[in-house]
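Trainee: Pasted the sequence and its predicted model underneath.
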Amino acid sequence: MRHFLAVALVLSAACAGPREYRPVSESRNIITRAQLREYAASSAFEVIQRLRPQWLRLREEQSLDGPDDLAVYVDNARMGGRESLRFITVDAVEYIQYYDAAAATLRWGMGHGYGAILVSTVPALE
């Protein structure tokens, strides 16, 4: 009887309907070019503030020796903190990606206690 109940429970869960499918382009950690086009914003800061405001919030208190802001990179070159996003126009942006503290430290090294945002630009035509 227990075996029958376990099988019935598994089958009912499987038949409950499809799970939410989220393609890579709709990841919570990335804003695509298509999403950028949907919003009339002039800067990367405005787009992030609208679509992923949690990226801009500092998570927890850091030590005196730790970073004092979220790191921002444009094509892997460090640009500064959150305020530098105000100077990045969305016209040339391919995508914007958020990295939590651990992922940012793995990618760029120490000093990313609040994480990082990578802005990837559209390659220039030659």
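Mentor: Cool, the structure landed.

Trainee: Show me the strands in the chain, by range?
Mentor: All strands of the chain, identified by DSSP state E, fall at 30-32, 71-74, 77-80, 93-99, 116-121.

Trainee: Can I get those in a markdown table including mean neighbour count?
Mentor: To be clear about C-beta, it is placed using only N, CA and C from the backbone, and glycine gets the same treatment. Listed next are the strands of the chain as a markdown table, based on neighbours: other Cβ atoms under 10 Å:
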| stretch | mean neighbour count |
| --- | --- |
| strand 30-32 | 20 |
| strand 71-74 | 22 |
| strand 77-80 | 13 |
| strand 93-99 | 19 |
| strand 116-121 | 21 |
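
Trainee: so which of these gets nearest residue 42?
Mentor: Comparison of those against residue 42 by Cβ to Cβ identifies strand 93-99 as nearest, at 11.5 Å.

Trainee: Tell me where the chain is predicted with low confidence.
Mentor: Applying pLDDT under 70 to the chain flags the ranges 1-26, 59-67, 124-126.

Trainee: need the helices for it, in chain order.
Mentor: With DSSP state H as the criterion, the chain has helices at 2-14, 33-38, 44-51, 101-108.

Trainee: Which strands or helices does the second one pack on?
Mentor: This points to helix 33-38. Helix 33-38 sits against helix 44-51, strand 93-99, with contacts defined as 3 or more Cβ pairs under 8 Å, 6 or more residues apart in numbering; DSSP states H and E.

Trainee: Quick one: closest of those to residue 116.
Mentor: Closest among the helices and strands packed on helix 33-38, once you apply Cβ to Cβ, is strand 93-99, at 4.7 Å.

Trainee: That closest one vs strand 116-121, what angle?
Mentor: With axes from the mean of the first three to the mean of the last three Cα atoms, to 10 degrees as the basis, strand 93-99 and strand 116-121 are set at 170 degrees to each other.

Trainee: Strand 93-99 packs against which elements?
Mentor: Applying 3+ Cβ pairs under 8 Å, 6+ apart, one finds that strand 93-99 contacts strand 30-32, helix 33-38, helix 44-51, strand 116-121.

Trainee: go with 10 Å
Mentor: Strand 93-99 is packed against strand 30-32, helix 33-38, helix 44-51, strand 71-74, helix 101-108, strand 116-121, with contacts defined by 3 or more Cβ pairs under 10 Å, 6 or more residues apart in numbering; DSSP states H and E.
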